[in-house]
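**Student:** Let's see this in three dimensions:
(chains A and B, ligands or ions: 2)
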Amino acid sequence: MSLKDILSPFGVWKRAAQKPWTIKKPTKDRPGAENYRGFHKNDFEKCIGCGTCEDICQNAAIDLMPVDKVDTDMGDSGLRPLLDYGRCCWCALCVDVCPTGSLTMSNEYTWISDEAEDFRFIPGADETKWQNESRGYKRSENMQLIDYDRVEMSELEPENRDKTFIEIVKGYNKEQAMKEAERCLECGICVAQCPAHMDIPEYIAAIREDDIENAFRILYETNPLPEICGRICTHNCETACALHNNGESIAIRWLKRYIADQIPPEKYKEVLGTKHLADPKINKKVAIIGAGPAGLSAAYYLAILGYEIKIFEALPNAGGMTRYGIPKYRLPYDQIDKDINYIKSLGVKVQFNTRIGEDISLEKLHNDYDAVFAGTGLHLSRSTNIPGSDNKRVYFATNLLREVTLGNEIDVAEKIVVVGGGNVAMDITRTLARLQNKKYGKVQITATSLETEDIMPADREEVVEAREEKAIIDPGWGPKEVEIENGKIKGLHVVKCTSVFDDEGRFNPKFDKNQKKYFEADMVVEAIGQGMDLSYLSEEIKTGLKFGPRGRIQVNEKFQSDLKWLFVGGDIIQGPDVISGIANGHIAAKGINKYLL
Amino acid sequence: MSKISESKYKNFKADREKFPKMENGKPVIDLDSHKFTKIWQGPQHPGVTGNMSMEITLNGDEIVDAKTHVGYLHRGFEKLLERRKYIQGFTIVCRICVPEPDTNEYCYSAAVEELSGIEIPEKAKWIRTLNLEMSRIASFLMWIGGQAGSLGMGIIGQWTVSMRDFWLDLFEEISGGRIYHMYIIPGGVRKDLPKGFKDRARNLVTKTRKLLSDVERTFFNNSIIKSRLKGLGIITPEMVDEYGIVGPNARGSGKEYDVRQNTPYLKYNELDLNMLTATGGDAYTRAELRYQEMHQSLDLITQILDKIPEDGDIQAKIPNVINWKIPAGQTYIKAESTRGEHGFYVVSDGSKFPRRVFNRGASYTHAISVLEKLAVNTSISDLAGLMVSLHTCPPEIER
Ligand code: SF4
Ligand code: SF4
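**Tutor:** Ligands and ions are numbered 1, 2, ... in the order given. Alright, predicted model coming up:
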């Protein structure tokens, strides 16, 4: 043992003279780091109550709760996370998965209370001393635990589609669909948004499990037209999708199409378990007016309940607006047939070319059937009624689209202006662009609408694709006059539209007359909306009904009118869109069943 | 760096006459003979590392039999993980070792990545390496305080545990947490290094080196410490493989085994590091070796700070974690913790949840079979020092 070993330990005294490291008032002088995982904060404006935080918390420290002042809204469940600090471990996984980025943490780490219940709180609703603290943990931009990028859909290139009516969207293959399905957060925000409340997370989960037959059964629980909806549904669900807040929403519509595309028609009955429905079990008959989505949906759900169903359709084929309003490149007719043939195979009869009110009276249907469902749709077109709009080369979009489906030749001018900013306007623009291309070898069509591009009601991809097909989309103008010379159209005068809706959100367009524009054209197409044709209601029947705003027939929550035997649904009640029609038809079917039992 | 001492193999001299007879390798203890006392050291005992206890049989103050008891800390981590999504695992595995959670985070994440075929970005690899070395120094600083404290020298613990807190400050900066960092996650790391971090880390390396020189002067050049630790708990080279001893406990008995060098992971093969070994095999040798490894970690941290790229991704693209399924398979990932080889065996059955997550911590051997063997023939007053010299960590035993 050396002397050094005895003396050197006394070196500890050296430090007695040094400044201590300890901080006297640690909580005051020592805030948590910039990035500290402290107490939670939640920005209510951004939070959508999706519950992904609740789902990922492995300590079950989060519960979603209704809170005052937050209502359920489009894409917002109205719920907000409640945190239980008896369970939380401050891992911040909830922060990292929050698809809106609303949930963050402050750098605060001391909280004293003798009331245990205080430590269960709703950040954002309950007052906290750190609610305005900007420091603390946030998800880092370059770290993602959720996949915000949609699996790309392959489509026909513009140069391969601008002269044909071949379907543009090719659909997902299995690998793509499963990858896309994997992105789902299973929050269910979409279910609330879907008019038919389809069980979207469930069928997406079935895709992930590669159990397509189960997925298909889930579709049919709420929607008997999956091939149609899988292609042209207005997909409110995708607008509501939680991923939409930070990236691209799940391609719900394409996934639905993927499911339906996988099942060949001959397997429908086996998969859906409807093999032995041939004989009606219930000895009651229901007549349905109109073979559109609402009528078909009502027919389907009544048929599987065992009713005898007959649909009366004015046109020579079924599908309503989905066939006669939507061009083939978006929704091929064989796909419509696939959905409809299955419904027919359940014993549903369809009598075509029969207009109720002309060929058969509604009273007769009432006499011959136990109940009637009317889903007659919006087939009358509205006109701008501007000077010159009575010229014979001013057409209605829906009429032209119907003629195209019927296989009739339509007037295609060299220069065309379309008035309207919705999907119908885009449909006719793109249809005419194809026909112009075939006839003249070039496209000279302009679509103009009151709404500016950001608020145009048409789907974004419709506008983009129309442009790819060389149509000009020039929104934000109000039509003033169709210029006519010697009975021939020369063009359309428009003025700048400064606003479409007033402060209360009512349609009340304002114009700036000094900003003008002129579109040269020798044909004008109006696509500014449709109205209903209720001429099949005789005066006597009308007296038994009540009418609500915009001339709509008043119905109860089961779509039953004041005439108990008459149920009404579809675009004439709600929408217009396919999925609302399907939803109405389904509910009405349940209503009819209840009424007839 | 100080030179590793040659231990004098100062065996405890015992009067073998008074010892109980051995039968089938077990002492036959007749408590009614009044020659023996049975006592429990732990689980609440300042000399015990974490919550475990030793059931010891004494003859006077001499231990004639020792048995390790665990279970006080059992939280069922491995079982819990079977009901957790892959991403949720990182919030649990860190708890397997309080002083050094990062090795768990790394091994678990690397196993998940290997099973799902994910290659993490370069920068993330560098940051992970830094993180692991930072956690080694933080763990060693705590250990040396414990080693001194177990022999009654509390001052070293006060110095080094405060220094450890400065390292925890750095962890807090990058990860947002001081103890459970939850920073290395499957796919990469959660945050980039904050501005000015590298300079602060370099300063802390200097500060720590300075403290270590004080520790060297007062702890290693200390006649009492030497007399207490030299010859205590000798691990012979033969025992190393027989017991599966790893880490400084093995290297202190001449075994050249360090996962960072034998099977380099992350960025260790791009760093300059030597295998540190010694041959003394006793507690003092191990302490000196760990002291050298602390300097080695500081040196590695300096090297890494120079090499971390400024730009680059910190995370590989991973699927939506809510539905993350991993192809069926199994893997074992290991890393060098301060206690030696630390590993995770992860089995996936192709579902969203791991089929099995098994953690192999060095303490499983060190605190049970090795400690039970080395404790016999020592004085009860040396048991705490012996236990710390094996650097045992009970939660590792009872995952
Ligand atoms: S994950 Fe985010 S948006 Fe969803 S409920 Fe939680 S805090 Fe709100
Ligand atoms: S921080 Fe972790 S434990 Fe706490 S609520 Fe969020 S996910 Fe749950």
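**Student:** Tell me the pLDDT of residue B:58.
**Tutor:** Looking at residue B:58, its pLDDT stands at 88.
**Student:** And for the one 10 residues further on?
**Tutor:** With respect to pLDDT, residue B:68 has a value of 90.
**Student:** A helix includes it, no?
**Tutor:** No - counting by DSSP: H, G, I helix; E, B strand; the rest coil, residue B:68 falls outside a helix, being strand.
**Student:** Across the sheet, point out what pairs with it.
**Tutor:** residue B:54 (DSSP bridges).
**Student:** ok, the nearest residue to residue B:393 once chain neighbours are set aside to residue B:103 distance?
**Tutor:** Excluding the flanking residues, the one nearest residue B:393 by CB to CB, 6 or more residues apart in numbering or on different chains is residue B:363, at 4.8 Å. In this view, the C-beta of every residue, glycine as well, is placed from N, C-alpha and C. Residue B:363 sits 12 Å away from residue B:103, taking CB to CB, to the nearest Å as the criterion.
**Student:** Find me the pLDDT at the closest residue to ligand 1 within the stretch 151-300 of chain B, would you?
**Tutor:** Closest residue of the stretch 151-300 of chain B to ligand 1, CB to the nearest ligand atom: residue B:190 (17.1 Å). As predicted, residue B:190 sits at a pLDDT of 95.
**Student:** next one: residue B:24
**Tutor:** For residue B:24, pLDDT reads 76.
**Student:** Equivalent analysis for the one 10 residues further on, please.
**Tutor:** Residue B:34 carries a pLDDT value of 81.
**Student:** which secondary structure elements does the helix or strand where residue B:342 lies contact?
**Tutor:** Here residue B:342, judged by DSSP states H and E, is contained in strand B:340-348. If you count contacts as 3 or more CB pairs under 8 Å, 6 or more residues apart in numbering or on different chains; DSSP states H and E, strand B:340-348 packs onto helix B:102-116, helix B:247-251, strand B:329-337, strand B:354-360.
**Student:** Give me the nearest residue to whichever residue of the stretch 51-200 of chain B sits closest to ligand 1, chain neighbours excluded.
**Tutor:** Nearest residue of the stretch 51-200 of chain B to ligand 1: residue B:87, at 14.3 Å (CB to the nearest ligand atom). Leaving aside its chain neighbours, residue B:87 sits nearest to residue B:321 (3.8 Å; criterion: CB to CB, 6+ apart).
**Student:** okay but that neighbour is in contact with residue A:56, surely?
**Tutor:** Yes - the pair formed by residue B:321 and residue A:56 meets the contact definition of CB atoms under 8 Å, at 7.4 Å.
**Student:** what's the overlap in contacts for these two?
**Tutor:** Listed as contacting both residue B:321 and residue A:56 by CB atoms under 8 Å, 6 or more residues apart in numbering or on different chains are A:97, B:85, B:87.
**Student:** Next, give phi and psi for the closest residue to the first one other than its chain neighbours.
**Tutor:** Of all residues beyond its chain neighbours, the one nearest residue A:97 is residue A:56 (4.8 Å), with distances taken as CB to CB, 6+ apart. In terms of degrees, to the nearest 10, the main-chain angles of residue A:56 are phi -90, psi -20.
**Student:** now swap in the one 10 residues further on and tell me
**Tutor:** The phi and psi torsions at residue A:66 (degrees, to the nearest 10) take the values phi -70, psi 140.
**Student:** Number of residues surrounding it?
**Tutor:** 12 (other CB atoms under 10 Å in any protein chain shown).
**Student:** picking that back up, next up, the contacts around the residue of the stretch 151-300 of chain B closest to ligand 1.
**Tutor:** With CB under 8 Å, 6+ apart, residue B:190 has these contacts: A:96, A:140, A:143, B:175, B:182-183, B:314-315.
**Student:** what sits against the residue of the stretch 51-200 of chain B closest to ligand 1?
**Tutor:** If a contact means CB under 8 Å, 6+ apart, then residue B:87 has A:56, A:93, A:145, B:185-186, B:321, B:324 as its contacts.
**Student:** Just the ones in helices from those, please.
**Tutor:** Secondary structure assignment by DSSP state H places A:56, A:93 of these in helices.
**Student:** Which ones among the contacts of residue B:87 also lie next to ligand 2?
**Tutor:** Intersecting the contacts of residue B:87 with the contacts of ligand 2 gives A:56, A:93 (criterion: CB under 6 Å from any ligand atom).
**Student:** so of the contacts of residue B:87, which ones are in strands?
**Tutor:** residue B:185 (DSSP state E).
**Student:** which one of the contacts of residue B:87 is nearest ligand 1?
**Tutor:** residue A:56 (8.2 Å).
**Student:** neighbours around the closest one, how many?
**Tutor:** Around residue A:56 there are 24 residues (other CB under 10 Å).
**Student:** Likewise for residue A:153?
**Tutor:** Neighbour tally, residue A:153, other CB under 10 Å: 16.
**Student:** On the three-state scheme, it is what?
**Tutor:** coil.
**Student:** The helices and strands packed on strand B:340-348: which one's closest to residue B:147?
**Tutor:** Of all the helices and strands packed on strand B:340-348, helix B:247-251 sits nearest to residue B:147, with 11.6 Å by CB to CB.
**Student:** Which neighbouring elements make contact with the closest one?
**Tutor:** Partner elements for helix B:247-251 (3+ CB pairs under 8 Å, 6+ apart): helix B:283-307, strand B:340-348.
**Student:** Put together a markdown table for those, with mean pLDDT and mean neighbour count on each row.
**Tutor:** Converted to a markdown table, the helices and strands packed on helix B:247-251 look like this (pLDDT from 0 to 100; neighbours: other CB atoms under 10 Å in any protein chain shown):
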| stretch | mean pLDDT | mean neighbour count |
| --- | --- | --- |
| helix B:283-307 | 95 | 22 |
| strand B:340-348 | 95 | 23 |
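**Student:** can you list these in TSV and add distance to ligand 1?
**Tutor:** Output for the helices and strands packed on helix B:247-251, formatted as TSV (distance: least, CB to the nearest ligand atom, whole Å):
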stretch	distance to ligand 1
helix B:283-307	35
strand B:340-348	27
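**Student:** The ones you listed: which one's closest to residue A:324?
**Tutor:** Of all the helices and strands packed on helix B:247-251, strand B:340-348 comes closest under CB to CB, at 52.6 Å.
**Student:** Run the chain-centre distance for the closest one.
**Tutor:** Put simply, strand B:340-348 sits 15 Å off its chain's centre (CA atoms, centre = their mean, to the nearest Å).
**Student:** Over to stretch B:313-327?
**Tutor:** Worked out by CA atoms, centre = their mean, stretch B:313-327 lies 30 Å from the chain centre.
**Student:** measure it end to end?
**Tutor:** Stretch B:313-327 has its terminal residues 25 Å apart, counting by CA to CA, to the nearest Å.
**Student:** do that stretch and ligand 1 meet?
**Tutor:** No - judged by CB under 6 Å from any ligand atom, stretch B:313-327 stays clear of ligand 1, getting no closer than 10.9 Å.
**Student:** where in the chain is pLDDT low?
**Tutor:** Because you didn't say which chain, this covers chain A. Low-confidence segments of chain A, defined by pLDDT under 70: A:1, A:26-29, A:277-280.
**Student:** try again with chain B
**Tutor:** Checking chain B against pLDDT under 70 turns up B:1-19, B:25, B:45-49.
**Student:** Which parts of it belong to which domain?
**Tutor:** Following automatic domain parsing, chain B resolves into domains at B:3-69, B:77-363+B:373-398.
**Student:** Show me the one of the ones you listed that comes nearest residue A:428.
**Tutor:** That would be domain B:77-363+B:373-398 among these, by CB to CB, at 39.3 Å.
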